[in-house]
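[1] this one's sequence-less:
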């Protein structure tokens, strides 16, 4: 079997194993989205001034939650896989 075939087979297996575990899928995707909705609805109405640029706080929260979701996805998946 070629290297590409083995790689595609492994990606397919890992993807199926990921989506078959509901806890893993929830804490990877839905949990950060819930935080994003909560923080944006509660705290997203003001603007931030960064030098000459003015941005809404909701824009800041999108970037922060994207970083949070990547970090927690890594740690949650490791913890779920080990247990």
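    Cool, got the structure. The structure displayed is predicted, hence computed values, not measured ones.

[2] low-confidence regions, the protein specifically.
    Along the chain, the model assigns pLDDT under 70 to no residue.

[3] 90 instead?
    1-2, 11, 13-51, 53-83 (pLDDT under 90).

[4] ignoring the adjacent residues along the chain, who's closest to the residue nearest to the spatial centre of it?
    Here the mean C-alpha position of the chain is nearest to the C-alpha of residue 69 (C-alpha atoms, centre = their mean), at a distance of 2.8 Å. Nearest non-adjacent residue to residue 69, counting by C-beta to C-beta, 6 or more residues apart in numbering: residue 32, 3.5 Å away. For glycine as for every other residue, the C-beta is placed from the backbone atoms N, C-alpha and C.

[5] and the one you found, how many residues sit next to it?
    For residue 32, the count of nearby residues is 20 (other C-beta atoms under 10 Å).

[6] so it sits in a strand?
    No: counting by DSSP: H, G, I helix; E, B strand; the rest coil, residue 32 is not part of a strand but helix.

[7] tell me how far it lies from residue 52.
    Distance, residue 32 to residue 52, using C-beta to C-beta, to the nearest Å: 31 Å.

[8] hey, where'd the strands end up in this protein?
    Assigned by DSSP state E, the chain shows strands spanning 47-50, 53-56.

[9] now for those, which one comes closest to residue 8?
    strand 53-56 (40.8 Å; C-beta to C-beta).

[10] list the neighbouring strands of the closest one plus their orientation.
    Taking DSSP bridges as the criterion, strand 53-56 forms sheet pairs with strand 47-50 (antiparallel).

[11] contact partners of the strand it pairs with?
    When contacts are defined by C-beta atoms under 8 Å, 6 or more residues apart in numbering, strand 47-50 is touched by residues 54-57, 60.

[12] can I get those residues in TSV with neighbour count and distance to residue 46?
    Below are the contacts of strand 47-50 laid out as TSV (neighbours: other C-beta atoms under 10 Å; distance: C-beta to C-beta, whole Å):
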residue	neighbour count	distance to residue 46
54	9	11
55	12	10
56	14	8
57	15	5
60	17	10
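
[13] good, we can wrap up now.
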